[in-house]
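Undergrad: I'd like to go over a predicted model; first the sequence, then the structure.
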Number of protein chains: 2
Amino acid sequence: MSVTSSSVGIVSAQYAAFDTPLALACGAVLPAYQLAFETYGTLNAAKSNAILICHALSGHHHVAGRYSESDKSAGWWDNMIGPGKPIDTERFFVVGVNNLGGCHGSTGPSSINPASGQPWGADFPMVTVADWVIAQARLADRLGIERWAAVIGGSLGGMQALDWSIRFPERIAHALVIASAPKLSAQNIAFNDVARQAILTDPEFHGGNFYGQGVLPRRGLRLARMLGHITYLSDDGMGEKFGRMLRSGEYQFGFDVEFEIESYLRYQGDKFSDSFDANTYLLMTKALDYFDPAREYGGDLVKALQRASAGFLVASFTSDWRFSPERSRETVKALVAAGRRVSYAEIESAHGHDAFLMLDPPYVELMRAYLGRVAAEISA
Amino acid sequence: MSVTSSSVGIVSAQYAAFDTPLALACGAVLPAYQLAFETYGTLNAAKSNAILICHALSGHHHVAGRYSESDKSAGWWDNMIGPGKPIDTERFFVVGVNNLGGCHGSTGPSSINPASGQPWGADFPMVTVADWVIAQARLADRLGIERWAAVIGGSLGGMQALDWSIRFPERIAHALVIASAPKLSAQNIAFNDVARQAILTDPEFHGGNFYGQGVLPRRGLRLARMLGHITYLSDDGMGEKFGRMLRSGEYQFGFDVEFEIESYLRYQGDKFSDSFDANTYLLMTKALDYFDPAREYGGDLVKALQRASAGFLVASFTSDWRFSPERSRETVKALVAAGRRVSYAEIESAHGHDAFLMLDPPYVELMRAYLGRVAAEISA
């Protein structure tokens, strides 16, 4: 695939270093840190057309475009962001950022801890959605963006958009909260804990300090990712795509790959375990578990959202069972009870949780229409 | 808990040795084997009141009663089987059996392979539901039971009941197929494969030949069981029981147990990994994956079930997402299309897949009513 005319084209990552210590929710203080980010499009003179894209569990700042003409893969949301696309870079200045604790250029467990001169490893402090949002606000300051036209995210990214709306109500005009939830359920936490236990009990995890050992906890990370993928797809979607198809057509009566679905999952697990940092995976899943914006408001989500002044688009997908439409409706009900402006769409899709990354036509049209209104507000 | 009046009382396991070689579906031949079993109640003179209980993934032959007055735990279906209970031992002669490949007394991977004088380990052949049913039929021969009044099972046990009805139509008067499915979905297989990969990649698995190594693949088995437990409970049931409850009331910002659901899962995983054989776990999950009785009939379940002559009770539970009611309805539709006698019940329950082991009143009444009719047929 070449860089097409509807692509943002060749992009490059930027890095912002921050020397002001950051007090984290866990009580630790990060003395200094850097954030990796990318921008596409042009910030207008009023600096009113900026959109922040928040990433999910395994995402990063490389949201659109390619790093070179020969780059085989585009940014993770390239199908949604670009000239003429729903998140239109001809109208918006789009910012992607890698969150703190990440493994794609922002300060995280594999970065050097200035106190020891060694990688942080297990000593990297726990980070939360609130910490990320505060760090993102500092990046906004750096870029001269006082107020986002929109903060957009799917899944864990949607949690950041929701948190932005409560934490910095004056700095966000619109929050797009897609395939997300106002907090995890027991089952969500349970899946995360199995994934974490797979990593934590991998003998090559070495208590999180594997960087100097010449090994990686690939087995644990691979299992975590395989399990994750099951929850990203719908039962029906998986059935349509893989069913009970056998690679060889016949039962093999052994433990090698036999069904196509096994082949798919193991491939996804292998690929991920070679490229993602195990400590980052642990941190991201804990950030998910901890997210509960109502907690600071006596458990009352309505009260929390009464602080918000943004317009909201909440979207869910019918076959998503990781964050089902019911979970999005919790957010919507609380927004309505808080008297906020909210549009809600429950989109028919067979893609499960992954649907937020896909191009189901009603989803594309919804995004295009909502962001068209956001753009119109800016011009007005 | 003491042995109450409605218990079958003190029981003991029996062992039946078979010297006739058993040709397995995988092509291997098991030269000789033994089956562990238990019986409760009295076989009548006509030998027409026998009921076979088939176990699920981690079950065994110890279905009811206790091994001594001080035995703290009863058989796994003691709440359903006993004098005056739905599976009434005053009317029925009840047989529980541990399946081939098991780890509770029947020949399996931890048994000695006569060819080598060592535990079978990885050399134990793959076993299928069909193999189990054929071995169970030989046990029936040994006990002088020509025809079961009923074969009953939940989950993987229900698959055995279904297979009995097709494979030996003349030897089974009723099949009770509870919380089961006519074959696994891609998602079911995916969960099984993650569990298997956890075991197979545990360095202490030693390719299945860990018996002589002084180690056990506990980490893998623990993960497999934790994951299994998530699929046994419903999202809502888990939410009601555990929610987001914290053990200490506050976030700890660490990787130790923090949420109650984590504590529950890890406890279940630890307990299981100390007591269950990893090779058996692998075999049982493959038997689940392979089960597909329609396969021998050109993929036509209706055609397969046209061989059956038993009466059927198919039951499912509303909150079971491992084998959802939809999967039971597939079986029911095929039975109806095949012109078979079938009763179907979709039981309201919050217990998820585990409901088949619980005492939701409509379930208990259903079992009591159906088996009451089975008993009446025998007396008639």
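TA: Sure thing, it's come through.

Undergrad: what about stretch A:281-297, near chain B?
TA: Yes - on the criterion Cβ under 8 Å from any Cβ of the partner chain, stretch A:281-297 is in touch with chain B at A:282, A:286, A:289, A:290, A:292. For every residue, glycine as well, the C-beta is placed using N, CA and C.

Undergrad: show me where the stretch 1-150 of chain A has helices.
TA: A:129-143 (DSSP state H, counting those that start in this stretch).

Undergrad: up against chain B, what does it have?
TA: Taking Cβ under 8 Å from any Cβ, the part of the stretch 1-150 of chain A that reaches chain B is made up of A:25, A:26, A:27, A:125, A:126.

Undergrad: got CSV for those residues, with neighbour count too?
TA: Shown next, in CSV, are the residues of the stretch 1-150 of chain A next to chain B (neighbours: other Cβ atoms under 10 Å in any protein chain shown):
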residue, neighbour count
A:25, 18
A:26, 17
A:27, 9
A:125, 19
A:126, 21
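
Undergrad: who wins for most neighbours among the residues of stretch A:281-297 next to chain B?
TA: residue A:282 (26 neighbours; other Cβ atoms under 10 Å in any protein chain shown).

Undergrad: what residues does that residue make contact with?
TA: Listed by Cβ atoms under 8 Å, 6 or more residues apart in numbering or on different chains, the contact set of residue A:282 reads A:196, A:199, A:200, A:208, B:255.

Undergrad: for the second one, which non-adjacent residue is spatially closest?
TA: It stands for residue A:199. Residue nearest to residue A:199 in three dimensions, not counting chain neighbours: residue A:220, with 3.7 Å by Cβ to Cβ, 6 or more residues apart in numbering or on different chains.

Undergrad: and for the one you found, the neighbour number?
TA: 28.

Undergrad: residue A:274 too?
TA: For residue A:274, using other Cβ under 10 Å, the count is 11.

Undergrad: ok, now residue A:123?
TA: 15.

Undergrad: quick one: it and chain B, what's the gap?
TA: With the distance defined as Cβ to the nearest Cβ, to the nearest Å, residue A:123 ends up 12 Å from chain B.

Undergrad: ok, back up a step: from the residues of stretch A:281-297 next to chain B, which is closest to residue B:155?
TA: residue A:289 (29.7 Å; Cβ to Cβ).

Undergrad: secondary structure class of the closest one, three-state.
TA: helix (DSSP: H, G, I helix; E, B strand; the rest coil).

Undergrad: wait, it sits on residue A:191?
TA: No - applying Cβ atoms under 8 Å as the test, residue A:289 and residue A:191 come out as separate, 10.4 Å apart.

Undergrad: what pLDDT does residue A:27 get?
TA: At residue A:27, the predicted lDDT confidence score is 98.

Undergrad: contacting residues for it?
TA: Residue A:27 is in contact with residue B:253, counting by Cβ under 8 Å, 6+ apart.

Undergrad: let's go with 10 Å and repeat that
TA: Residues near residue A:27 by Cβ atoms under 10 Å, 6 or more residues apart in numbering or on different chains: A:125, A:126, B:253.

Undergrad: okay if I get these as JSON lines plus distance to residue B:264 and pLDDT?
TA: Listed next are the contacts of residue A:27 as JSON lines, based on distance: Cβ to Cβ, whole Å; pLDDT from 0 to 100:
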{"residue": "A:125", "distance to residue B:264": "28", "pLDDT": "98"}
{"residue": "A:126", "distance to residue B:264": "22", "pLDDT": "98"}
{"residue": "B:253", "distance to residue B:264": "21", "pLDDT": "97"}
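
Undergrad: nearest to residue A:357, of these?
TA: For those, the nearest to residue A:357 is residue A:126 (26.9 Å; Cβ to Cβ).

Undergrad: ok, the closest residue to chain B within the stretch 251-380 of chain A - how many residues close by?
TA: For the stretch 251-380 of chain A and chain B, the shortest gap (Cβ to the nearest Cβ) falls at residue A:253, measuring 3.8 Å. Residues lying near residue A:253 (other Cβ under 10 Å) number 17.

Undergrad: quick one: the helices in the stretch 201-350 of chain A?
TA: A:218-232, A:235-241, A:260-275, A:278-290, A:301-305, A:325-337.
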